[in-house]
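Asker: what's the 3D shape of this:
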Amino acid sequence: MQGESNTWKLISGSSDRIGRNIYILHTQQSAWQQIVRGHQDNYYLTSVVRAIHALRSSAVGRMFRSEKIIFDGAAIHYQLDGDGDVLIMGLEVNSDYKPKGGRQATGLYQVQCEEVQGRPHKWTTAQDYESRMPLSHRWNNSHYAAVSGKFESKEDAGSMLINHISKAYRAGVKEHDINRQGNHYSLYWQNGNHKSDKQRDHLVSLIQQAVASGARVNWLVHGEGATTFVRAMQALENRLSPAPVAPAREKELRENLKLQTVYFSNPRGKETGKNTLEALSKKVGFDYLGTNINPGDVFHNPDARSATFGKGGAVIGAITLSGAAGTLGADDILKSFTQAVNAETLGWSAATLVAGYFVVRDKIKTNSGY
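Answerer: Down below sits the predicted model:
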């Protein structure tokens, strides 16, 4: 496409033609602009904005054939035009795209300290996952968060990783200040598949939210979770915001990232050697606190293996896409959106949701017009 038209409006791209230009339908322009403006305070909107800009470099498919990019709770439907640019047809909010439910679903959970009769304290993992970290909850002026490696359950991860957090940050906070009733930390629990792009992007969104708000976060990254964190850092190295920002804002975000500290506990996986983790953390902008290597983990950790065998150090109303609301009422639309992505905190009015760019799951077959 050679620039904007009456039908298509540019939402991402530039005249230098580095990457694909992304266009949206003019009937949806105000709604998409609202998503871009309001994404910083909401995980789901952040994911939408990231998906928009991911299409600049990763869009695949045949020209003029409907494709979609799927992420948590939603999908963006698009086509490639004759010039290879992306034409976004609409945003589908669909509960089928929500992370799989169940007690052990990958996601962000709150792990809380509780007093138990006969015991000083117990750390319990919540059953339901959250969409954002409660950054206002802090110990010693920082929020604490952990990225899990392999455990049998999120409950096991929650109860065990608090010990790793205590040891990693013992110089800055005393144990009795941690183990207080009502204290909690954020757990990014991964039920396997630590190389997943989706899990990487989820973690990136959580970090970006903290960066955008200038919050202090102390991270504990455990085991195979280091693989996810490394891939997240590689994404953050190129851009700290899901959408392009002015150089002054990018500089501000880089300064904010320095408020986030990271400590790796027995990391496993590709590119998780101690030297590699330290170099990448500092290059991206994290405050690198250290890496603990379990000397007995010779099968999974190259640094432990190197030390053991004495080798040199390893470096490591029905809605249509036309913009008109049909028979499905506004309340039904809002309910469908809420059920699809568990997004009660969006703060959007029902009137906004009938702007013509959502396709409600049970209406897709009969009302999608593309």
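Asker: any idea how far Glu175 lies from Lys282?
Answerer: Glu175 sits at a distance of 29 Å from Lys282 (criterion: C-beta to C-beta, to the nearest Å). The C-beta positions use only the backbone N, C-alpha and C, and glycine is treated the same way.
Asker: Next: Gly158.
Answerer: From Gly158 across to Lys282, the span is 29 Å (C-beta to C-beta).
Asker: for the stretch 101-250 of the chain, what spans make up the helices?
Answerer: According to DSSP state H, counting those that start in this stretch, the stretch 101-250 of the chain carries its helices in the segments 154-168, 175-178, 197-213, 225-238, 247-257.
Asker: so which of those comes closest to Gly269?
Answerer: With C-beta to C-beta as the criterion, Gly269 lies closest to helix 225-238 of those, at 3.4 Å.
Asker: Give me the mean pLDDT for that closest one.
Answerer: Averaged across helix 225-238, the pLDDT comes to 94.
Asker: so who does the residue sitting nearest the centre point of the chain touch?
Answerer: In the chain, the residue lying closest to the centroid (C-alpha atoms, centre = their mean) is His202, at 2.2 Å. Contacts of His202 were listed using C-beta atoms under 8 Å, 6 or more residues apart in numbering, and they are 47, 72, 106-108, 188.
Asker: any idea which of the residues you listed is closest to Ile11?
Answerer: Nearest to Ile11 among these: Ser47, at 15.8 Å, using C-beta to C-beta.
Asker: now that closest one: how far from Val36?
Answerer: To Val36, Ser47 is 13 Å away according to C-beta to C-beta.
Asker: before we move on, what about Lys195?
Answerer: To Val36, Lys195 is 30 Å away according to C-beta to C-beta.
Asker: again, but for Glu4
Answerer: Counting by C-beta to C-beta, the gap from Glu4 to Val36 is 16 Å.
Asker: what packs against whichever strand in the chain runs longest?
Answerer: For the chain, the longest strand by residue count, based on DSSP state E, is strand 107-116. Strand 107-116 sits against strand 119-125, helix 154-168, strand 184-189, helix 197-213, with contacts defined as 3 or more C-beta pairs under 8 Å, 6 or more residues apart in numbering; DSSP states H and E.
Asker: how many neighbours does Asn6 have?
Answerer: By the measure other C-beta atoms under 10 Å, the count of residues near Asn6 is 6.
Asker: Figure out the helix or strand that it lives in.
Answerer: Under DSSP states H and E, no helix or strand contains Asn6.
Asker: surely it meets His26?
Answerer: Yes: counting by C-beta atoms under 8 Å, His26 is a contact partner of Asn6 at 6.6 Å.
Asker: now Tyr78, what's its secondary structure?
Answerer: strand (DSSP: H, G, I helix; E, B strand; the rest coil).
Asker: Which positions are bridged to it in the beta structure?
Answerer: Applying DSSP bridges to Tyr78 gives these bridge partners: Glu67, Ile88.
Asker: you'd agree it is up against Lys68?
Answerer: Yes: judged on C-beta under 8 Å, Tyr78 makes contact with Lys68 at a distance of 7.0 Å.
Asker: higher neighbour count, the two?
Answerer: Neighbour count, other C-beta under 10 Å: between Tyr78 and Lys68, Tyr78 has more, with 26 against 15.
Asker: What residues does His137 make contact with?
Answerer: Residues in contact with His137, defined by C-beta under 8 Å, 6+ apart, are 143, 183-184.
Asker: pLDDT added to those, as TSV?
Answerer: As requested, the contacts of His137 are exported to TSV (pLDDT from 0 to 100):
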residue	pLDDT
His143	95
Asn183	90
His184	93
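Asker: which of those residues count as buried?
Answerer: 143, 183-184 (16 or more other C-beta atoms under 10 Å).
Asker: can you put these in JSON lines and add distance to Ala226?
Answerer: Shown next, in JSON lines, are the buried ones among the contacts of His137 (distance: C-beta to C-beta, whole Å):
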{"residue": "His143", "distance to Ala226": "20"}
{"residue": "Asn183", "distance to Ala226": "25"}
{"residue": "His184", "distance to Ala226": "23"}
